[in-house]
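Peer 1: Have a look at this fold, sequence not included:
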């Protein structure tokens, strides 16, 4: 979905999307490690997106919150698991190169300079990204932020707080017996001279 900058205004605009919005559903499913199953397959999962847009001078603010699950493979046992994510994001974009050169302070800023806040926001300075197009592809933003959330080595414990069977079997296997010391034969060797 394209957010055209000409449609931004100084007043906040809130948009909500869900699994019935095809572009959003496709963006979420494209992040799954397993291929997208055919239509009608069991792909039911929570899926929502809240986006708030606003314009201040030459800066376009796009803030959002995604709630969904992503299917990945456990790095230990290889079984598919679903991880729940609720990332929040904030993008500042401009078509003016001078504005895009310096960071915009958002922490402690006034409501006028940073109108959009979500509960628990702890943004530091935000970089303004220079864009040449007259729009922002929201589906790419959603996919990017979900990919950032996925752990490098996801495990069953990340999804269920329970170790996977493969990890448990490794812990329950008895350790190999201690090898005999190869020098143990020398313990009876006498160093005294026999006459």
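Peer 2: That came through fine. Predicted, not measured: the structure shown is a model, and the values here were computed from it.
Peer 1: what's the closest non-adjacent residue to the residue positioned nearest the centre of the chain?
Peer 2: Using CA atoms, centre = their mean, the residue of the chain that lies closest to the mean C-alpha position is residue 149, 1.3 Å off. Using CB to CB, 6 or more residues apart in numbering and skipping the chain neighbours, the partner closest in space to residue 149 is residue 85 (4.6 Å). Any C-beta I mention is one placed from the backbone N, CA and C, and that applies to glycine too.
Peer 1: Can you name the residues bridging to that neighbour?
Peer 2: residue 68 (DSSP bridges).
Peer 1: residues touching it, list them.
Peer 2: Under the criterion of CB atoms under 8 Å, 6 or more residues apart in numbering, the neighbours of residue 85 are 66-70, 146, 149.
Peer 1: Reformat these as a markdown table; add pLDDT.
Peer 2: Formatted as a markdown table, these follow (pLDDT from 0 to 100):
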| residue | pLDDT |
| --- | --- |
| 66 | 94 |
| 67 | 94 |
| 68 | 93 |
| 69 | 91 |
| 70 | 90 |
| 146 | 91 |
| 149 | 90 |
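Peer 1: Can you tell me which of those residues are classed as buried?
Peer 2: Neighbour-count burial (16 or more other CB atoms under 10 Å) is assigned, among the contacts of residue 85, to 66, 68-70, 146.
Peer 1: follow-up on the earlier one: so which of the contacts of residue 85 would you say is closest to residue 76?
Peer 2: Comparing these against residue 76 with CB to CB picks out residue 70 as the nearest, at 17.8 Å.
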